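**Q** here is my input, please return the structure:
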Amino acid sequence: MTTRTPAERLDGLRGRIIDFRLRPPTGPYRNFFTPTVVGAVNRILGDAVPRSYTISTDPFPNAEDRAIDAVIAEMDSVGVRLGVMNGRHSVNRPVPVHIEDTDLAELSERTDGRVLGLAGIDFDKPMDDIIAGLDVAVKELGLIGVCLEPGLARTPMYADDEQLFPLYEKIADLGVPLLFMTGPLAGPDISHTDPVRFDRVARRHPGMPVILGHGCYPYVNEAVSLAFKSEATGIHNVFVSPDVYMFAPGGQAYADGVNWLPNRFVYASAYSFCGIDEGVLKTCELDLDDAALHAYMYGNAEQLLKKAGK
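**A** Next up is the predicted model:
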């Protein structure tokens, strides 16, 4: 692999890194990412609660502005050029969360474009309204793609539910990436993160980039196999983004996958479940080939952003 130290590898990445799952601790994000949730998840994952997140919980004036400044400082400290945040409409949680497309556009403006947005989907709305809203999100608000969480709808759905087909057709027509929330929390049971569901969606729309946020964990080998299928056959365009699950039990297979299929993996920290700086530093310690590391940390994401016109 590489003989360079983690510090040397970081120096080669500075100013280029794109973090494809970064949720600022501001506005409606704070309604979901409560101190209890963040503390519990970070404790399980073995990550410290990020300082910028802690600032956002201060009972003092301007805490949110100071938290945003701290997020940007964390990005700068390890050379993260851009972050990508996702909209969310989650009604089956203890606290309903609605992160609107306008919230994302406003946060992007507040960060001078350092954090870009993926439109969220509110499945309580009629499909015609959802589809019309995507035109507004992409063409007027400047969002770079779409994030789907069908397992968190009021009536949970699988990703390959026929009700969603018109939505996929619209996303494909817009020519922007689609990120699915996968992983163990993506639905009422872990069948909602089975890679076969996303395989079926991606195959119907071979030109549409499909990114699997949280890497379909715990289906690690299956997710890597789907990346292989995408690379080897060209029948669809799937990317795996394991983020914090790269460091969970079984996550070594993701790292092996990055080395094997460097064009099929996209880096993310999953902040605030991992610090922006911490995620980068831990990744630089992995036994990744230098070329694969660069593709993972920014190269593949750059191609996705180009497709979205960014």
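**Q** residue ranges for the strands of the stretch 1-150 of the chain, please.
**A** For the stretch 1-150 of the chain, applying DSSP state E, counting those that start in this stretch gives strands covering 17-19, 80-86, 88-90, 97-99, 115-119, 145-148.
**Q** is it possible to get TSV of those strands that adds mean neighbour count, mean pLDDT and distance to residue 273?
**A** Every C-beta, even on glycine, is put in place using the N, C-alpha and C of the backbone. What follows is those, written out as TSV (neighbours: other Cβ atoms under 10 Å; pLDDT from 0 to 100; distance: least, Cβ to Cβ, whole Å):
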stretch	mean neighbour count	mean pLDDT	distance to residue 273
strand 17-19	25	98	12
strand 80-86	25	97	13
strand 88-90	21	84	14
strand 97-99	19	85	15
strand 115-119	26	97	16
strand 145-148	27	97	16
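**Q** how about the ones you listed, which one is nearest residue 300?
**A** strand 17-19 (8.8 Å; Cβ to Cβ).
**Q** ok, back up a step: out of the strands of the stretch 1-150 of the chain, nearest to residue 256?
**A** When the strands of the stretch 1-150 of the chain are compared by Cβ to Cβ, strand 17-19 sits nearest residue 256, at 21.4 Å.
**Q** before we move on, back to that, output the strands of the stretch 1-150 of the chain as TSV; include the columns distance to residue 298.
**A** Below are the strands of the stretch 1-150 of the chain laid out as TSV (distance: least, Cβ to Cβ, whole Å):
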stretch	distance to residue 298
strand 17-19	5
strand 80-86	7
strand 88-90	25
strand 97-99	25
strand 115-119	14
strand 145-148	17
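**Q** looking at the ones you listed, which is nearest to residue 37?
**A** strand 97-99 (10.7 Å).
**Q** what lies in contact with the closest one?
**A** Strand 97-99 is contacted from outside by 27, 28, 29, 31, 32, 86, 87, 88, 89, 90, 120, 122, using Cβ atoms under 8 Å, 6 or more residues apart in numbering.
**Q** shouldn't the first one be in contact with residue 104?
**A** No. Residue 27 is beyond contact range of residue 104, at 9.6 Å (criterion: Cβ atoms under 8 Å).
**Q** can I get the least confident helix or strand in the chain by mean pLDDT as CSV, trimmed to CA atoms?
**A** The helix or strand of the chain with the poorest confidence is helix 29-32; it has a mean of 74 (mean pLDDT, DSSP states H and E). What follows is helix 29-32 as a C-alpha-only set of coordinates in CSV (Å, rounded to 0.1, in the frame of the first residue of the first chain):
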residue,chain,number,x,y,z
TYR,A,29,-31.0,19.8,12.6
ARG,A,30,-30.8,20.4,16.3
ASN,A,31,-34.3,19.2,16.8
PHE,A,32,-33.2,15.7,15.8
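**Q** chain center to it, what's the gap?
**A** Here the centre of helix 29-32 is set off from its chain's centre by 16 Å, with Cα atoms, centre = their mean, to the nearest Å.
**Q** same check on stretch 185-194?
**A** In terms of Cα atoms, centre = their mean, the centre of stretch 185-194 is found 17 Å from the chain centre.
**Q** sorry, back to before: from the contact counts, what lies against the least confident helix or strand of the chain?
**A** strand 97-99 (3 or more Cβ pairs under 8 Å, 6 or more residues apart in numbering; DSSP states H and E).
**Q** now do the same contact list for the residue nearest to residue 161 when sequence neighbours are not counted.
**A** Counting by Cβ to Cβ, 6 or more residues apart in numbering, residue 150 is the residue found nearest to residue 161 once chain neighbours are left out, at 6.6 Å. When the contact criterion is Cβ under 8 Å, 6+ apart, the partners of residue 150 are 123, 156, 157, 158, 159, 161, 164, 187, 192.
**Q** among these, which ones are buried?
**A** With neighbours counted by 16 or more other Cβ atoms under 10 Å, the contacts of residue 150 contain buried members at 123, 156, 157, 158, 159, 164, 187, 192.
**Q** out of those residues, which comes closest to residue 172?
**A** residue 164 (12.2 Å).
**Q** now the strands for the stretch 151-300 of the chain?
**A** Assigned by DSSP E, counting those that start in this stretch, the strands in the stretch 151-300 of the chain fall at 178-181, 209-213, 237-241.
**Q** in CSV, list the C-alpha atoms belonging to the first one.
**A** Think strand 178-181. The C-alpha coordinates for strand 178-181 follow below in CSV (Å, rounded to 0.1, in the frame of the first residue of the first chain):
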residue,chain,number,x,y,z
LEU,A,178,-29.7,10.5,-5.4
LEU,A,179,-28.4,9.6,-1.9
PHE,A,180,-30.3,7.0,0.1
MET,A,181,-30.2,6.8,3.9
